[in-house]
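K.L.:
Could you work out the structure for the sequence below:
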Amino acid sequence: MTSIITYGQAPELEVVTWLNTKQPLTLSALRGKVIVIHAFQMLCPACVVHGIPQASAIHELYSQDEVQVIGLHTVFEHHNVMTVEALTAFAAEYRLTFPIAVDVPSNTGSIPKTMAAYYMQGTPTLIVIDQQGQIRHNLFGRTSDMQVGNFIGQIISEGKSYR
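P.N.:
Got it, this is the predicted structure:
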């Protein structure tokens with residue numbers, strides 16, 4: 001796990017389409033909640049083995065009134081095989097129920113727009129945004145479940161003390 005110290009306002013997600021939600025999500029509309037973004041690729045072994053199960057567990061464990069999990073399918077390699085149609089089948093096969101955004105491809109290179117805006121190094125990446133829209137954690141690679149639970153719990157607790 002590599003931690004990138006990137007504090008400041010979280011940029012809006014740039015999305016081609018959404019899965020598992022009736023309407024598009026925006027970070028500004030989710031203010032007041034902790035937002036957990038799990039950036040992944042279908043063909044990323046660490047994403048499939050660790051990141052996606054972790055995102056699913058967070059989605060199941062925390063109340064959606066406090067924590068919103070968003071999957072971000074951010075394709076920077078093997079573009080021809082990681083289509084929206086393939087992602088739809090993948091999400092159904094793995095029974096993913098949290099909203100999944102498909103990152104907008106770059107016009108100039110292989111790194112998609114949201115991936116570039118968040119300075120991600122690859123996948124899996126876990127981004128935790130607090131209730132005020134500030135990036136609190138931007139973690140590339142495997143992060144332990146206990147550590148992620150601690151991050152989220154601390155931010156929820158801090159948010160309650162501001163009320």
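K.L.:
what about Gly109, how many residues close to it?
P.N.:
9 (other C-beta atoms under 10 Å). (Glycine included, C-beta is placed from N, CA and C.)
K.L.:
wait, I meant Val128
P.N.:
Counted with other C-beta under 10 Å, Val128 comes out at 23.
K.L.:
Would you enumerate the residues in contact with it?
P.N.:
34-37, 135-137, 148, 151-152, 155 (C-beta atoms under 8 Å, 6 or more residues apart in numbering).
K.L.:
Now go through those and say which are in strands.
P.N.:
34-37, 135-137 (DSSP state E).
K.L.:
Turn these into a markdown table, including distance to Lys113 and neighbour count.
P.N.:
Formatted as a markdown table, these follow (distance: C-beta to C-beta, whole Å; neighbours: other C-beta atoms under 10 Å):
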| residue | distance to Lys113 | neighbour count |
| --- | --- | --- |
| Val34 | 24 | 24 |
| Ile35 | 18 | 23 |
| Val36 | 20 | 25 |
| Ile37 | 14 | 26 |
| Ile135 | 17 | 21 |
| Arg136 | 22 | 19 |
| His137 | 21 | 21 |
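K.L.:
of these, closest to Thr17?
P.N.:
Ile37 (16.3 Å; C-beta to C-beta).
K.L.:
for the residue positioned nearest the centre of the chain, what are its contacts?
P.N.:
Among the residues of the chain, the one closest to the centroid is Ile37, at 1.8 Å (C-alpha atoms, centre = their mean). Applying C-beta under 8 Å, 6+ apart to Ile37 gives the contacts 13, 70-72, 125-129.
K.L.:
And Arg136, by the same measure?
P.N.:
Contacts of Arg136 by C-beta under 8 Å, 6+ apart are 7, 128-130, 151, 155.
K.L.:
6 Å - rerun?
P.N.:
Residues in contact with Arg136 (C-beta atoms under 6 Å, 6 or more residues apart in numbering) are 128, 130.
K.L.:
circling back to that earlier point, who wins for neighbours among the contacts of Ile37?
P.N.:
Gly71 (27 neighbours).
K.L.:
residue ranges for the strands of the chain, please.
P.N.:
Going by DSSP E, the chain shows strands at 2-3, 15-19, 34-40, 67-73, 100-103, 125-129, 135-140.
K.L.:
Could you check how many residues crowd around the residue lying closest to Leu126 once chain neighbours are set aside?
P.N.:
Nearest residue to Leu126 in three dimensions, chain neighbours excluded: Leu139, at 4.7 Å (C-beta to C-beta, 6 or more residues apart in numbering). Neighbourhood size, Leu139 [other C-beta under 10 Å]: 20.
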